[in-house]
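Engineer: sequence and predicted structure below; questions after.
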Amino acid sequence: MCSTTTDPNSSTTSFSTLGIHHLGLSVPDIKQTAAFFIDQLHFKPVGEKPDYPAIFVSDGTIMLTLWQLNETNQIVGFDRHNNVGLHHFALKLASLEQLQHIHQRLAMLDNVDIEFAPEPLGDLPIHHMMCTIPGGIRLELIA
């Protein structure tokens with residue numbers, strides 16, 4: 001006899017997720033956004049799907065899948081008050097010195113908009129910075 005009800009507490013199997021496997025980002029120019037991650041943050045290309053098209057890059061911990069938009073003339077820019085979806089994503093760096101170094105490198109690029117330079121994150125013993133990278137994605141870097 002089959003039960004037609006679902007009791008979420010009836011399972012005897014315990015599980016948890018293990019973090020983000022990959023993050024898919026739709027961008028207007030996948031080659032430009034992939035080049036940013038490869039040239040500036042030392043990601044490696046790990047795959048592509050030419051028929052979509054898409055490019056996959058990874059830092060060895062997280063994989064980003066970059067998906068080409070079809071209609072780039074109808075892009076709606078970031079608006080945290082009115083858009084559903086990605087607000088930003090954050091990548092962790094090993095030290096404050098690395099964070100300051102990458103800030104100096106990114107500040108020299110015409111296609112990166114620095115929202116704020118490295119600063120303490122509240123009362124926490126870490127620092128962060130925020131920028132918008134090629135493709136219009138808000139990226140936070142934390143050390």
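Structural biologist: Sure thing, it's come through.
Engineer: would you indicate which residues of stretch 110-128 are buried?
Structural biologist: Of all the residues in stretch 110-128, those buried under the rule 16 or more other C-beta atoms under 10 Å are Val112, Ala117, Pro118, His127, His128. No exception for glycine: its C-beta is placed from N, CA and C like everyone else's.
Engineer: just the ones of those in strands?
Structural biologist: Mapping these onto strands (DSSP state E) picks out Ala117, Pro118, His127, His128.
Engineer: quick one: low-confidence ranges for the chain?
Structural biologist: The model of the chain has pLDDT under 70 over residues 1-12.
Engineer: tell me how many other residues crowd the nearest residue to Pro53 once chain neighbours are set aside.
Structural biologist: Nearest non-adjacent residue to Pro53, counting by C-beta to C-beta, 6 or more residues apart in numbering: Gln68, 4.8 Å away. Applying other C-beta atoms under 10 Å, we find 17 residues neighbouring Gln68.
Engineer: same deal with Phe37?
Structural biologist: By other C-beta under 10 Å, 23 other residues sit near Phe37.
Engineer: show me how the protein divides into domains.
Structural biologist: Listed domain ranges for the chain are 21-71, 78-142 (source: the TED database).
Engineer: just to revisit the earlier point, of the ones in strands among the buried residues of stretch 110-128, which is the nearest to Ala34?
Structural biologist: His128 (23.8 Å; C-beta to C-beta).
Engineer: touching, the closest one and Leu121? I think so.
Structural biologist: Yes: with contact defined as C-beta atoms under 8 Å, His128 counts as touching Leu121 (4.8 Å).
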